[in-house]
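Participant: Turn this into a model:
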Amino acid sequence: MLKKLLMFSFFIVLTTSITSPLFALDKQQVLKNMSLDPWMLKTLDPIFKKDKQIVLIAVEQDGFLLEHADDSLKKDKEVVLAAVKKDGKALKFADASLKKNKEIVLAAVQENAEAFQYADKALTKDKEVVLAAVTLKGLAMKYADKSFRKDKDVIIAAISSRADALKFADKRIKKDKKIVLLAVKKNGSALSYADHAFRSDKEMVLLAVTTLGGALYNASKALKNDREVVLKAVASAGGVLRYASDTLKADKELVLVAVKNKGYALSYADESLKKDKDVALAAVRSERRAIKHVDDSIKDEIIKELGL
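Facilitator: Here you go, the predicted structure:
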């Protein structure tokens, strides 16, 4: 009897096709459940993974589920387009033929610029696609054809999104003051990727430290001794006092600005200022932990005055 039941079950599995009534009954239940749990596609019987209607419902909710669709549907433009519009990086699972499709790749990079890494190499040379990608995410430049590193339009689009995309630019563009100014105006960190000559350009460095005090690190030795530049830097990030010249580390007014911003900047001040009551009080008021950098000769006095 058991043997007959097993044979009957095996017969049912063999004869249940997409066109069979049994499949139709099962499909209705799958469709109902899919709207609540699209990830069930992952564990469904392969026969359902070939069903376009079922897979579409899944990828419209989570594009990455394209990974679990039957290979035949990874070649289906409608399915893949739905997937990448939901999650651009689903392009990874598309058939190679669709990674060459400009409409699909554009849709993917517009949803997530990182999807550009999965595009066919031919499209990494397409300016329209490259611009779409880098405008959304400047660092997508790393996936673009290297010829675009000399293209000012593309580089400007990239740094407008992400200042440090300047690192992908050609050497000549890194010497273009207008372009470098655009980058450091957005974020001073871009100074580290610009031509070294700009590290001695006071206008450039002033702009860089205004947007990011830490950009003082990349300034020339002469500008690290420029009071105007360093004052601007420590006003936005007191800790960059560490990059200032020894002369400016002994400048009481400048150090006061630094420690009021970040008390621990006292650790970088000249030893003479660690004994200065005004400086010590300002530092510890800013951050209690700065007390450990106060000279022992006045430490007890500071603790008592601040009631620590």
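
Participant: Output the below-cut-off pLDDT ranges for this structure.
Facilitator: Counting by pLDDT under 70, the chain shows low-confidence ranges at 1-25.

Participant: can we see that at 80?
Facilitator: 1-25, 34 (pLDDT under 80).

Participant: what sits against residue 161?
Facilitator: Counting by C-beta atoms under 8 Å, 6 or more residues apart in numbering, residue 161 touches 134, 135, 136, 137, 138. Placement of C-beta: from N, CA and C, glycine included.

Participant: Out of those residues, flag the one nearest to residue 118.
Facilitator: residue 137 (14.1 Å; C-beta to C-beta).

Participant: picking up where we left off before, in a markdown table: the contacts of residue 161, plus secondary structure, neighbour count and distance to residue 44.
Facilitator: Shown next, in a markdown table, are the contacts of residue 161 (DSSP: H, G, I helix; E, B strand; the rest coil; neighbours: other C-beta atoms under 10 Å; distance: C-beta to C-beta, whole Å):
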| residue | secondary structure | neighbour count | distance to residue 44 |
| --- | --- | --- | --- |
| 134 | helix | 31 | 38 |
| 135 | helix | 18 | 38 |
| 136 | helix | 20 | 34 |
| 137 | coil | 19 | 34 |
| 138 | helix | 25 | 40 |
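
Participant: Between the residues you listed, which sits nearest residue 220?
Facilitator: Using C-beta to C-beta, residue 138 comes nearest to residue 220 of these, at 26.5 Å.

Participant: What ranges does the stretch 201-308 of the chain have for its helices?
Facilitator: Counting by DSSP state H, counting those that start in this stretch, the stretch 201-308 of the chain has helices at residues 202-211, 227-236, 246-249, 252-261, 277-286, 296-306.

Participant: want to throw those helices into CSV with mean neighbour count and distance to residue 160?
Facilitator: Output for the helices of the stretch 201-308 of the chain, formatted as CSV (neighbours: other C-beta atoms under 10 Å; distance: least, C-beta to C-beta, whole Å):
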stretch, mean neighbour count, distance to residue 160
helix 202-211, 22, 14
helix 227-236, 21, 22
helix 246-249, 16, 34
helix 252-261, 22, 29
helix 277-286, 20, 35
helix 296-306, 13, 47
